[in-house]
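J.: here is my input; please provide its structure:
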Amino acid sequence: MIIEQAKEVLRIEAEGITSLVEQIDGDFEKAVNMIMECPARVVITGIGKSGIIGQKIAATMNSTGTPALFLHPVEAMHGDLGMVDPQDVIIAISYSGETAELGLLLPNLKKRGAKIIAMTGKPNSTLALGADAVLKVAVPQEACPLGLAPTASTTATLAMGDALAVVLLNLKQFKESDFRRNHPAGSLGERLKVNVAEVMLTGAAIPRVSQTNTLPEAIAELNAKNLGAVLIMDEEKIIGILTDGDLRRFISQRGGDLSGLTLADTITKTPKAITTDLLAADALSIMQRHEITFLPVIDHSGKLAGVLHLQDLLGKGEFRFLV
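T.: Here you go, the predicted model:
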């Protein structure tokens, strides 16, 4: 019984979102154009559950290139109205369209010259009739069996806000680099923004031997640095790499006998590398694509600058990334 009730709630909420598809009309495009032409910000307002949804929509817009803020309608009438610029676009959220607090606030916003976008389930409501554009978020029914607690309707409103934010993102040609600038902290932001030069191992921490060294000497360096690979160098240029996996394959193929093998016999020439000006995210992508855990870092002249190990990107030390 409990599981069936939960499934029914999810079915009702899903139907609520699906019903929005048929409600997207010319007013949605009008609302998008109003925001695109706005030289100031999007101000989102609503009270109760609608206010909570409005705060999330504002946060999504800020993350994706559309400056936005949330304005509490009661606080607005007690001084916060001063934060509204006449060139702002207002998104007012009320499923009924008859919320008393918005009824008091919106005339004052219109007096300032701000344009109003209503997000409501009632296109003939007071809110809708006084708006410049209406985003319809009507749902067939609430998931609450009493029909009292906003459930499917708030889910639908949130989805409509996401649709608006994503369309604006695409029109503004918002890029990953823009997203990084808006997320300078947090694991996702760190993963996207950190330059490889900031996290690579350098100096004595780099496992390296000369091309004139012997295979046993390379194995000793491999074991000493414990990064799963050792670079074979011609002065400051990388000519090859020897990995734990390479050694295992040679041992398996030769029945454990490495006698007669030279360092040149075992190395992989021209290994994958990344330049110092690229991002840790780029390094992580290369590692995942080629299923490797060790990546040399070179400067633009081709000289070795450092090395990256997967552990350093995924959780060793200061930088902890989500994949």
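
J.: tell me the domain ranges of the protein?
T.: Domain ranges of the chain: 2-174, 193-314, per automatic domain parsing.

J.: for these, give me TSV that also has mean pLDDT.
T.: TSV is the format used below for the domains of the chain (pLDDT from 0 to 100):
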stretch	mean pLDDT
domain 2-174	94
domain 193-314	85
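
J.: so which of those domains is the most packed in?
T.: Mean neighbours per residue, mean count of other Cβ atoms under 10 Å, is largest over those for domain 2-174, with a mean of 18. No exception for glycine: its C-beta is placed from N, CA and C like everyone else's.

J.: what's the first-to-last distance across it?
T.: Terminal residues of domain 2-174 lie 43 Å apart, using Cα to Cα, to the nearest Å.

J.: next one: stretch 92-99
T.: Terminal-residue distance, stretch 92-99 (Cα to Cα): 10 Å.

J.: contacts for that stretch, please.
T.: Applying Cβ atoms under 8 Å, 6 or more residues apart in numbering, the external contacts of stretch 92-99 come out as 44-47, 50-51, 53-54, 57, 73, 102, 105-106, 116-122, 124-128, 131, 137, 150, 153-154, 157.

J.: just the ones of those in strands?
T.: 44-45, 116-120 (DSSP state E).

J.: from those, which is closest to residue 239?
T.: In terms of Cβ to Cβ, no member of these lies closer to residue 239 than residue 44, at 58.7 Å.

J.: so that closest one versus residue 51, what's the distance?
T.: Using Cβ to Cβ, to the nearest Å, residue 44 is found at 9 Å from residue 51.

J.: okay, and the common contacts of the two?
T.: 70, 93.

J.: could you pull out the strands for this protein?
T.: 42-45, 68-71, 89-93, 115-120, 133-136, 208-210, 229-234, 237-243, 268-269, 274-275, 294-298, 304-309.

J.: could you name the helices and strands sitting against the fifth one?
T.: Under the contact criterion of 3 or more Cβ pairs under 8 Å, 6 or more residues apart in numbering; DSSP states H and E, the helices and strands touching strand 133-136 comprise helix 26-36, strand 115-120.

J.: now the ones you listed as TSV including distance to residue 277?
T.: Below are the helices and strands packed on strand 133-136 laid out as TSV (distance: least, Cβ to Cβ, whole Å):
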stretch	distance to residue 277
helix 26-36	33
strand 115-120	42
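
J.: which one of these lies nearest to residue 263?
T.: helix 26-36 (61.3 Å).

J.: run through who's touching the closest one.
T.: 42, 66, 89, 115, 117, 132-136, 163-164, 167-168, 171-172.

J.: what of stretch 139-150?
T.: Applying Cβ under 8 Å, 6+ apart, the contact partners of stretch 139-150 are 8-9, 12-13, 15-16, 19, 48-50, 95, 121, 151-153, 156.

J.: among those, which lie within helices?
T.: 8-9, 12-13, 15-16, 49-50, 152-153, 156 (DSSP state H).

J.: now residue 171: how far from residue 65?
T.: Counting by Cβ to Cβ, the gap from residue 171 to residue 65 is 9 Å.

J.: correction: residue 287
T.: Separation of residue 287 from residue 65 (Cβ to Cβ): 29 Å.

J.: check residue 203 too.
T.: In terms of Cβ to Cβ, residue 203 sits 40 Å off from residue 65.

J.: what does residue 72 give?
T.: Using Cβ to Cβ, one obtains 24 Å as the distance from residue 72 to residue 65.

J.: ok, the closest residue to residue 241 other than its chain neighbours - contacts?
T.: Nearest non-adjacent residue to residue 241, counting by Cβ to Cβ, 6 or more residues apart in numbering: residue 271, 4.0 Å away. Taking Cβ under 8 Å, 6+ apart, we find residue 271 in contact with 231, 238, 240-241, 296.

J.: 10 Å - rerun?
T.: With contacts defined as Cβ atoms under 10 Å, 6 or more residues apart in numbering, residue 271 is in contact with 229, 231-232, 238-243, 290, 292, 294-296.

J.: same deal with residue 120?
T.: Residue 120 touches 50, 92-99, 102, 126-128, 131, 134-138, 153, 157, counting by Cβ under 10 Å, 6+ apart.

J.: for residue 259, same thing?
T.: Contacts of residue 259 by Cβ under 10 Å, 6+ apart are residue 215.
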